[in-house]
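Trainee: Could you work out the structure for the sequence below:
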Amino acid sequence: RNKIAKPIGAQINDYHGAILGAGLNLGNRELLLACGIHAYDFNHLPMALASGIGGVEAVESSPQMELSAGYDAATAGMGGSWKRGSSDMRRKLRKMEREVGQLHFVFDDRSNAMAKAHAEMRTVLYREMRLNSVFGEGWEGDVIDLLRAGTGSGLSSVTSVLTADGEPVAMHFGLISRGVLHWWFPAYALRANRYSPGLGLIDYCAREANDHAVTLIDFGRGEERYKRLFANRRVALGSGSATCGGSSAAIVRGMKRAALKPIEHILP
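Mentor: Residues are numbered from 1 along each chain as shown. Below you'll find the predicted structure:
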């Protein structure tokens, strides 16, 4: 619309960019015009692909846990914050097992029952955050259903489940491609919140990752506590807009950047 391109998948797209021939980049005016667009807005563009783009307005990171040498090697050099955090996590897991029931982990449960339980658990969390949304509705649900149902070349979906006394307390639905597990839609049971079951689920997944040909877990953009705890590396992601100079889209985005600059100096 209005000759402005957006990433395929909109808000559920955690990595994006353009598929380009050698020597081309998104900052090329002729390229944008040949595509019939005046601007390409992005918010999860790997900075490694941002060469020649003048419209990068902010850079954030996607925390990752590199596991190619195994879980023990990955955590050995994480330092004091990991030692304290992981010790607290395991203490809570032991407490949950005593007070709720035996823990059981499945790296990938493809049953319809677990898919339904995950959607319901995620929806409850939306309501807790006062979001008027149901997980898996509309076109987003269609995409998720397609991914659950099958696999493509080098791509598969995964539903990981942690149960206590037979009932799910933490779940995650994500994607695996070329050895990377992308942490996409985590959820946990509110009744078990004090035991931090979501952290436990990540730990179980990391421990079994190599058994499922996973060598890296990518947690997606953001610096939430659980991401900082497990991360041992990061990849830079840019947000902004590639524009055709002189177009109305470029003028509007330029005015927006100019308006935000004074605020950047005020904010800590």
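Trainee: in the strand or helix carrying R94, what counts as buried?
Mentor: With the criterion set as DSSP states H and E, the secondary-structure element containing R94 is helix 80-99. For helix 80-99, a neighbour-count test (16 or more other CB atoms under 10 Å) marks 82, 85-86, 89, 92-93, 96 as buried. In this view, the C-beta of every residue, glycine as well, is placed from N, C-alpha and C.
Trainee: Same question for stretch 146-161.
Mentor: Using 16+ other CB under 10 Å, the residues of stretch 146-161 that count as buried are 147-148, 157-161.
Trainee: Those residues in strands, which ones?
Mentor: Among the buried residues of stretch 146-161, the members falling in strands (DSSP state E) are 157-161.
Trainee: possible to save the residues you listed as a markdown table with pLDDT?
Mentor: Output for those, formatted as a markdown table (pLDDT from 0 to 100):
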| residue | pLDDT |
| --- | --- |
| S157 | 95 |
| V158 | 96 |
| T159 | 97 |
| S160 | 98 |
| V161 | 98 |
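Trainee: Save those residues as CSV, and put in distance to A209 too.
Mentor: As requested, those are exported to CSV (distance: CB to CB, whole Å):
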residue, distance to A209
S157, 16
V158, 11
T159, 15
S160, 11
V161, 16
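Trainee: Pick out the most distant pair among the residues you listed.
Mentor: S157 and V161 (13.5 Å; CB to CB).
Trainee: Need the residues touching each of those two.
Mentor: For the pair S157 and V161, no residue contacts each of them under the criterion CB atoms under 8 Å, 6 or more residues apart in numbering.
Trainee: Which parts of the stretch 1-150 of the chain are helices?
Mentor: In the stretch 1-150 of the chain, the segments counted as helices under DSSP state H, counting those that start in this stretch are 29-34, 71-76, 80-99, 112-128, 138-149.
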